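> Just the structure for this:
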Amino acid sequence: MKLISILVLFCAVASATATVEADTMDLDTSRSLVTAHQYDDAMAAVDGYLNQNPNDAAATIVKSDIYVAWGEWDRSVDVLENALSKNENNIDLLLALATTYRAKLMRSGMLGKLSNAKKSRKALEKAFAVDPNHLMARREMFMYLVHAPGMAGGDKDRAEKIALESLEIDEFEGRCQLATVYWKKGNRDASVEEYRRALELEPDDIGAMFMLGGVLIDKEDFAACEQLAQSFIANWPDLSEPYVGLGNCYSEQKRTEEATEQYLKALELNPWYGDARYKVARLYEKNKDKEQAAYHYRILIERNPGYIDVGKAKKQLRKIEKGR
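Numbering: from 1, shown residues only. From the prediction side, this is the model:
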């Protein structure tokens with residue numbers, strides 16, 4: 001995780017004063033407000049903390065995360081780069097900057113994509129150079145290399161090398177990375193095997209479950225995908241992700257009503273789940289239920305302005321509204 005526990009940090013300081021404790025509470029409050037999607041109040045809280053602790057990297061990252069949630073990526077970049085001008089080797093700041101540039105590139109035209117990709121990779125390379133054994137730095141460097149096109153610096157062979165090295169540092173992390181690079185190289189069977197081995201190490205890891213489900217869908221092994229999602233739902237019925245995974249499985253089989261039901265279940269548990277909201281809106285639109293589609297597009301645009309496909313949602317909503 002890129003957010004450092006401020007409580008752990010301050011507990012190590014024996015001389016902490018009442019004022020410092022109050023500041024800590026302000027930062028913890030801002031994090032709680034971010035989790036609750038109350039971004040205006042979260043920004044006020046973190047600004048209050050930063051007024052007293054202007055060089056605090058963790059607080060700066062909270063502030064940048066709020067800007068990202070608002071879809072204000074340039075402002076996120078500004079606060080991170082300003083912090084890095086004073087602390088250029090802070091890995092958490094570098095990773096946050098790389099993430100923000102990646103968010104920008106996914107919403108840019110071709111020239112913007114290349115420019116932001118280079119900036120994202122530059123920040124990642126620096127973080128990786130500061131500490132090659134830092135798990136999050138390795139993970140983010142790996143993800144860039146495995147997903148980026150070659151013209152933007154993608155390199156699946158180097159990604160595989162990092163994955164193999166990661167096995168020696170954290171086996172679960174290494175297995176997940178190997179599974180991903182095998183998938184991207186077209187070896188789906190090897191990918192499935194690595195994800196299953198990863199889940200033997202961490203049986204309740206939702207991320208590994210979700211990725212394994214994606215490979216199974218890609219293999220068109222829908223029975224195994226459904227069984228996987230159902231097993232997670234049985235064990236963790238209050239988590240929204242397995243319902244989305246099951247919805248994806250049904251959607252790929254054109255089982256529209258069942259997919260819609262699963263996405264709506266996910267939204268009952270987490271009304272802020274942008275991917276579930278967008279997918280259920282698209283299903284309603286395909287089924288000619290324009291009213292429900294428009295309803296979910298509007299909620300997505302209002303609540304998740306930083307969601308990757310919010311631009312598409314706005315475009316689809318305009319089409320629906322003009323059709324009326």
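> Give me the nearest residue to residue 70, chain neighbours excluded.
residue 305 (5.7 Å; CB to CB, 6 or more residues apart in numbering). For the C-beta atoms, the positions are set from N, CA and C on the backbone; glycine is no exception.
> ok now do residue 176, which residues does it touch?
By CB atoms under 8 Å, 6 or more residues apart in numbering, the residues touching residue 176 are 194-195, 198, 207-208, 211.
> quick one: the helix or strand where it lies to chain centroid distance?
Using DSSP states H and E, residue 176 falls within helix 171-184. Going by CA atoms, centre = their mean, to the nearest Å, the spacing between the C-alpha centre of helix 171-184 and its chain's C-alpha centre is 17 Å.
> and what of stretch 106-120?
Remark: stretch 106-120 is offset 18 Å from the chain centroid, using CA atoms, centre = their mean.
> List the buried residues of it.
Within stretch 106-120, the residues scored as buried using 16 or more other CB atoms under 10 Å are 107, 113-117, 119-120.
> Wait, residue 199 touches residue 210, no?
No - the pair residue 199 and residue 210 fails to qualify as a contact (CB atoms under 8 Å) at a distance of 11.1 Å.
> Tell me where the model's unsure across the chain.
For the chain, the stretches flagged by pLDDT under 70 are 1-25, 108-111, 324.
> repeat that for 90
The chain contains residues with pLDDT under 90 at 1-30, 35-36, 71, 102-118, 148-153, 306-309, 322-324.
> helices or strands up against the longest helix seen in it?
If you go by DSSP state H, the chain has its longest helix at helix 110-130. Contacts defined by 3 or more CB pairs under 8 Å, 6 or more residues apart in numbering; DSSP states H and E place helix 110-130 against helix 91-105, helix 135-147.
> what domains does the record give for the chain?
1-70, 85-146, 271-324 (automatic domain parsing).
> Off-centre distance for stretch 282-299?
So, by CA atoms, centre = their mean, the centroid of stretch 282-299 is 25 Å from its chain's centroid.
> in that stretch, what's buried?
Neighbour counts using 16+ other CB under 10 Å place 282-285, 293-294, 296-299 of stretch 282-299 among the buried residues.
> Tell me the spacing between the residue sitting nearest the centre point of the chain and residue 73.
Residue closest to the mean C-alpha point of the chain, counted by CA atoms, centre = their mean, is residue 99 at 9.1 Å. Residue 99 sits at a distance of 10 Å from residue 73 (criterion: CB to CB, to the nearest Å).
> How about residue 122?
16 Å.
> Look at the two and report which has more neighbours.
The residue with more neighbours, out of residue 122 and residue 73, is residue 73; 22 against 15, by other CB atoms under 10 Å.
> can you pull the contacts of the more buried one?
Shown in contact with residue 73 (CB under 8 Å, 6+ apart): 67, 100, 103-104, 107.
> Would you mind giving those as CSV with distance to residue 148 added?
Shown next, in CSV, are those (distance: CB to CB, whole Å):
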residue, distance to residue 148
67, 24
100, 16
103, 14
104, 14
107, 16
